[in-house]
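Engineer: sharing a model prediction with you, sequence too.
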Amino acid sequence: MRIEENYSLKKHNTFHLPVKTRWFMEYMNEEELERIFRDEYFQECLSLHIGSGSNLLFINDFNGIILHSQIKGISVAEETEDSVLLRIGAAEKWDDVVAYAVSEGWGGIENLSGIPGEAGAAAVQNIGAYGTEIKDVVETVETYNQLSFEKRTFTNEECLYGYRDSFFKNEHNDPHIVTYINIRLSKKPQFSVNYGNLKEELAKYPEITLQAVRDAVISIRRQKLPNPDELGNAGSFFMNPVIPVARYEKLKEQYPDMPSYPAGEGKVKIPAGWLIEQCGFKGKSHGTVGVYEKQALVLVNLGEAKGHEIALVAESIRTAVHDRFGIEIMPEVKYVG
């Protein structure tokens, strides 16, 4: 177990905000996590469990305890003629998991290549890209309850997955810390490549394979998204709004070029990046905060931006989109502080 006081979180958030936490605790296994939870001082303090910080916006220093897992490992829990069940430690880097699966010829998560963050947080957030979400492969999620000190394994149905949402994101539920995720992958992969510009990118490859899909997805992401190591950002800052088809048809009369994607019966998903771009924010800077020139969904730290400054720019974008289109876009990033 590792414990640090007045610890800098600059390396633990991809916006690279120079915030600190009063205490930082890192545990190696479930036994150490239980010791932390049972500690009386811990129980009296404000606490937050984080992954790699790729989906966080710290507004201020954190006056409490930041918890971080170092539970790692990828193992085959079950194998059949058609599929394999992987048990993955919550602290494993998600893209390392994808790379491993692709190298073994196991399909189901290749479209989720290049997404930053850790495996546990991926299951909490229900990450998604190019028509695929992690909920499509999650079989169970192993957790530890911060209040009852009990282990619980959630089935896929019990995770209550939705668009960038799950049971674990609901603040009104007991805090369950994810320790392992179990995902089922196919030995006979069915490719999903008709989403967005993935099909166009794959036309450059001689044949469609798991590795080709992974390489194509990473190539597209590099073209559209800045590297957090080079330019502080949290990827897509906003979620794509989902609206009724009838409302979309009315908007399309006024905005014929408005794109959409099916989002279930009677609903469509509107690309938030398109909405933001129409409001004139793409490529613009606001002090030390910028809207990325290649993808309007991404807010970037141009230097020494503060969390509250990024939040102010985000709010001005939300207001402009609502005033013009009557559509509310919600942050995908979690505000802390």
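Structural biologist: Yep, that arrived.
Engineer: and for this structure, the residue most distant from the center?
Structural biologist: Residue farthest from the centre of the chain, counting by CA atoms, centre = their mean, is residue 253 at 33.6 Å.
Engineer: need the three-state assignment for that one.
Structural biologist: Counting by DSSP: H, G, I helix; E, B strand; the rest coil, the backbone at residue 253 sits in helix.
Engineer: in terms of pLDDT, where does it sit?
Structural biologist: Residue 253 is assigned 96 on the pLDDT scale.
Engineer: can you offset everything so residue one is 10?
Structural biologist: Yes, from this point I'll number from 10; that puts the last item at residue 262.
Engineer: return the distance of it relative to residue 284.
Structural biologist: Separation of residue 262 from residue 284 (CB to CB, to the nearest Å): 16 Å. Backbone N, C-alpha and C define where each C-beta goes, glycine included.
Engineer: what segments of the stretch 210-346 of the chain are strands?
Structural biologist: 241-242, 251-253, 270-271, 276-278, 294-295, 298-300, 308-310, 343-345 (DSSP state E, counting those that start in this stretch).
Engineer: name every strand pairing with the last one and say which way it goes.
Structural biologist: Partners of strand 343-345 in the sheet, by DSSP bridges, are strand 65-67 (parallel).
Engineer: so which of the strands of the stretch 210-346 of the chain gets nearest residue 288?
Structural biologist: Closest of the strands of the stretch 210-346 of the chain to residue 288 is strand 298-300, at 10.0 Å (criterion: CB to CB).
Engineer: which residues touch that closest one?
Structural biologist: The contact list for strand 298-300 (CB atoms under 8 Å, 6 or more residues apart in numbering) reads 285, 290-294, 307-311, 314, 318-319, 321-322, 326.
Engineer: mean pLDDT lowest for which of the strands of the stretch 210-346 of the chain?
Structural biologist: Among those, strand 270-271 scores lowest, with a mean of 88.
Engineer: please identify which of the strands of the stretch 210-346 of the chain is closest to residue 176.
Structural biologist: strand 343-345 (15.6 Å).
Engineer: can you point out the buried residues in that closest one?
Structural biologist: Under the neighbour-count criterion of 16 or more other CB atoms under 10 Å, strand 343-345 has residue 345 buried.
Engineer: likewise stretch 111-125?
Structural biologist: In stretch 111-125, counting by 16+ other CB under 10 Å, buried: 111, 115-125.
Engineer: now do stretch 128-142
Structural biologist: Buried, per 16+ other CB under 10 Å, within stretch 128-142: 128-139, 141-142.
Engineer: which one's the longest helix in this structure?
Structural biologist: helix 316-334 (DSSP state H).
Engineer: circling back to that earlier point, the contacts of strand 298-300, buried ones only, as a ChimeraX selection?
Structural biologist: Applying 16+ other CB under 10 Å to these leaves a buried subset, and the ChimeraX line that selects it is:
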select :285,290,291,307,308,309,310,314,318,319,322,326
